[in-house]
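1. I need the structure of the sequence given here:
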Amino acid sequence: MITGVDRAIAAMGLPDQAIQSDELPWVPQGEHVWFKPLRFDLTRGQWINLLKVTGEGRVNRHRHTGGQVLGYCLQGSWRYLERDWVARPGTLVYEPPGDIHTLVVDGAEEMITLFILEGSVQYLDDDDNLIHQDDVFSKLERYLSFCTQEGIEPRDLRF
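-> This is a model prediction of the structure:
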């Protein structure tokens, strides 16, 4: 029996997808920092990626606007300079909109965390002045530019 939900899904053209992360490149984001995009939702302004930080790397001080952030630590450990806790494999982190923090990895171990982000990420200096901003569009552009530069056929991760 076909339900109303089945008809709505068919009308919206939202097929299921299985993304094999090992088939996607690690895209440089900063010194000792890479991301591997898994999904770009251009309608909702959401993106999902794996973040990898190595060798005492850091994601500079930043604020999330326009939505929440969820992170799930898969490998290694990391923390925020502004917090008391440490994320280890199996830790789920919730970040409310507007939260300001600096992600750091201590020691030489490699950290990998799955992040689901909404809105934008505003990178700030010590006086809260905006240095740079990322959103779903800039992350998609960085992924596509990297693929072009490296001669990699990009996957369509917009769904």
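
2. and the most centrally placed residue in the chain, helix, strand or coil?
-> Closest to where the C-alpha atoms of the chain average out (C-alpha atoms, centre = their mean) is Asn49, at 3.9 Å. Following DSSP: H, G, I helix; E, B strand; the rest coil, Asn49 is assigned to strand.

3. and it, what are its bridge partners?
-> In this structure, Asn49 bridges to Pro37, Phe115 when assessed by DSSP bridges.

4. Equivalent analysis for Val27, please.
-> Applying DSSP bridges, one finds that Val27 bridges with Phe35.

5. and Cys73, what helix or strand is that in?
-> Using DSSP states H and E, Cys73 maps to strand 69-75.

6. Go through that strand and flag the buried ones.
-> 69, 71, 73 (16 or more other C-beta atoms under 10 Å). The way it works is simple: take the backbone N, C-alpha and C, and place the C-beta from them, glycine included.

7. Is Glu109 located within a helix, as I assumed?
-> No. Under three-state DSSP, Glu109 falls outside any helix and is assigned coil.

8. Look up how far Arg7 lies from it.
-> 49 Å (C-beta to C-beta, to the nearest Å).

9. And the two? Which one has more around it.
-> Neighbours per residue, other C-beta atoms under 10 Å: of Glu109 and Arg7, the larger number sits with Glu109, 14 against 10.

10. next one: phi and psi at the more buried one?
-> Dihedral pair for Glu109: phi -70, psi 150, per degrees, to the nearest 10.

11. Start the count at 35 instead of 1 going forward.
-> Renumbered: residue one is now 35, and that last one reads Glu143.

12. pLDDT score for the spatially closest residue to it that is not a sequence neighbour?
-> Leaving aside its sequence neighbours, Glu143 sits nearest to Gly110 (C-beta to C-beta, 6 or more residues apart in numbering; 4.7 Å). Confidence at Gly110, expressed as pLDDT, is 96.

13. same check, this time on Ile43
-> Predicted confidence (pLDDT) for Ile43: 62.

14. pLDDT-wise, which helix or strand of the protein ranks last?
-> Within the chain, no helix or strand scores below helix 38-46, which has a mean of 69 by mean pLDDT, DSSP states H and E.

15. How are the helices of this protein distributed by residue range?
-> Using DSSP state H, the helices assigned to the chain run over residues 38-46, 170-184.

16. could you redo the ones you listed as TSV and give each row distance to Gly124?
-> Shown next, in TSV, are the helices of the chain (distance: least, C-beta to C-beta, whole Å):
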stretch	distance to Gly124
helix 38-46	33
helix 170-184	26
